[in-house]
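Test case, fold it:
(one chain, ligands or ions: 1)
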Amino acid sequence: MTATIGEAAAEQDIFDGAIAADERIEPRDWMPDAYRATLVRQIAQHAHSEIIGMQPESNWITRAPSLRRKAILMAKVQDEAGHGLYLYSAAETLGVRRDELLDKLHAGRQKYSSIFNYPTLTWADVGAIGWLVDGAAIMNQVPLCRCSYGPYARAMVRICKEESFHQRQGYELLLTLSRGTPEQHAMAQDAVNRWWWPSMMMFGPPDDESTHSAQSMAWKIKRHSNDELRQRFVDASAPQAEILGLTLPDPDIRWNEERGHYDSGPIDWTEFWDVLAGNGPCNDQRLTQRREAHENGAWVREAAASYAAKHAAGRGEAAV
Ligand code: BYC
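Numbering: from 1, shown residues only. A predicted model of the protein is given here:
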């Protein structure tokens, strides 16, 4: 049944009122098509990032230097799969199917975070990812716990708790290396040198080049702009680097008394856009590995679907 112009305006008013009152929008509530599309875009990109993000770290599971480190890393990589699961489920509440989203990822029609197109060259990279990449992720994701869309906000609560553990393990790993032999210290410094700038880029383009920020902030999907969150990340990381005994590869980082923030140097946005265009060091490798994993897992999906159908039939239910 098509809504009349009057009914549509009333629905828009209810939606606007809920956003203004900081209430949550739930799956069965009316929402503007563009709000739904923005959420699908962001949540899908986020979910894809979680499962692609398993690759650079799982690269080191077999070579972890101790059983303790191996157990921690395996748990972390498994957590990322779980994050993907919560996020694909949240996206499904918006009326899209998980296999549609995966097809789009595999066809290169939906994005995943730029950060996962960089290689993990040494063991210290596992620490740098935990400290910097998960640190940036938390900075971006804690405000998403207050996102106006209920299922996304609720998924983020658990994800953020797990991300905090990830960040701590990375920090502790780097601290251990930094206080170890001169070779270990150098390896930690090299990893931080390589991961700092890509981590700064994770927050997205500068505010004046961000396509979606203004509308997403008006809808309370995003609570802060890309540059605001990036500044918070610099403010948190600079003193942590000092405690670690490592330097951030930006000679312009210094405390600015007047602003009450750390200043930082210019970001090479050409590199960011180039990575998004598919030209990062690992774009091809990540997508190829993902497509292969998907194909290799076909029998598991078939078995699960067949099991579900058999049991639904046994209970006299129609298979869904
Ligand atoms: N990488 O208008 P803008 C993790 C795109 S998972 C790639 O500012 P928006 C972790 C953007 O999509 C980390 N693309 O966009 C996992 C848009 O293009 P489209 C992932 C990026 O959405 C495992 C265009 O640039 N976190 O941490 O308002 C292990 C213009 O940007 C990126 C999330 O996904 C990027 N970095 O803001 C360890 C968090 N940045 O779509 C760790 C949820 C921008 O028009 N997402 N683009 O073609 C968000 O908060 C927002 O989507 C963003 C971007 C802040 C990322």
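
What parts of this protein come near the ligand?
41-42, 45-46, 49-50, 53, 80, 111, 113-114, 133-134, 137, 140-141, 201-205, 210-213, 216, 222, 226, 276 (Cβ under 6 Å from any ligand atom). For every residue, glycine as well, the C-beta is placed using N, CA and C.

Spatially central residue for this protein, please.
For the chain, the residue lying nearest the average C-alpha position, counting by Cα atoms, centre = their mean, turns out to be His46 (4.8 Å).

Now name the helix or strand holding it.
Using DSSP states H and E, His46 maps to helix 33-52.

Output stretch 234-242 as PDB, nothing but the C-alphas.
Below are the C-alpha coordinates for stretch 234-242, written out as PDB (Å, rounded to 0.1, in the frame of the first residue of the first chain):
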ATOM      1  CA  VAL A 234      46.900  12.100  18.200                       C
ATOM      2  CA  ASP A 235      46.200  13.400  21.700                       C
ATOM      3  CA  ALA A 236      46.000   9.900  23.200                       C
ATOM      4  CA  SER A 237      48.900   8.400  21.200                       C
ATOM      5  CA  ALA A 238      51.600  11.000  21.700                       C
ATOM      6  CA  PRO A 239      52.000  10.500  25.500                       C
ATOM      7  CA  GLN A 240      51.600   6.700  25.100                       C
ATOM      8  CA  ALA A 241      54.500   6.700  22.600                       C
ATOM      9  CA  GLU A 242      56.700   8.500  25.300                       C
END
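
and the end-to-end length of stretch 209-226?
10 Å (Cα to Cα, to the nearest Å).

So Met54 versus Lys111, what's the distance?
17 Å (Cβ to Cβ, to the nearest Å).

cool, and Arg154?
Distance of Arg154 to Lys111, given as Cβ to Cβ: 24 Å.

What subset of the residues of the chain next to the ligand is buried?
42, 45-46, 49-50, 53, 80, 111, 113-114, 133-134, 137, 140-141, 201-205, 210, 213, 216, 222, 226, 276 (16 or more other Cβ atoms under 10 Å).

Helices - which of those land there?
Using DSSP state H to define helices, the subset of these located there is 42, 45-46, 49-50, 80, 134, 137, 140-141, 201, 213, 216, 226.

thinking again about what came up before, who touches the closest residue to the residue nearest to the centre of the chain other than its chain neighbours in this structure?
Using Cβ to Cβ, 6 or more residues apart in numbering and skipping the chain neighbours, the partner closest in space to His46 is Leu87 (5.4 Å). Contact analysis of Leu87 by Cβ atoms under 8 Å, 6 or more residues apart in numbering lists 43, 46-47, 50, 152, 155, 159.

Turn those residues into TSV, columns for pLDDT.
As requested, the contacts of Leu87 are exported to TSV (pLDDT from 0 to 100):
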residue	pLDDT
Ile43	98
His46	98
Ala47	98
Glu50	98
Tyr152	98
Ala155	97
Ile159	96
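
before we move on, the earlier item: the residue nearest to His46 falls within a helix, correct?
Yes. Under DSSP: H, G, I helix; E, B strand; the rest coil, Leu87 falls within a helix.

Just the pLDDT for the nearest residue to Ala153 once chain neighbours are set aside.
Spatially, and ignoring its direct neighbours in sequence, Ala153 is nearest to Cys147 (4.4 Å; Cβ to Cβ, 6+ apart). Among the per-residue scores, Cys147 shows a pLDDT of 98.

how many other residues sit next to Cys147?
When neighbours are counted by other Cβ atoms under 10 Å, Cys147 registers 26.

For Val157, see how far away it is.
11 Å.

The chain: helices as residue ranges?
Remark: helices assigned in the chain by DSSP H are 5-20, 33-52, 54-58, 67-92, 98-106, 124-128, 134-141, 150-178, 182-201, 213-218, 226-244, 269-274, 283-296, 298-314.

Please identify the buried residues of the fourth one?
Spelled out, it's helix 67-92. By neighbour count on 16+ other Cβ under 10 Å, the buried set for helix 67-92 is 69, 72-73, 76-77, 79-80, 83-84, 86-88, 90-92.
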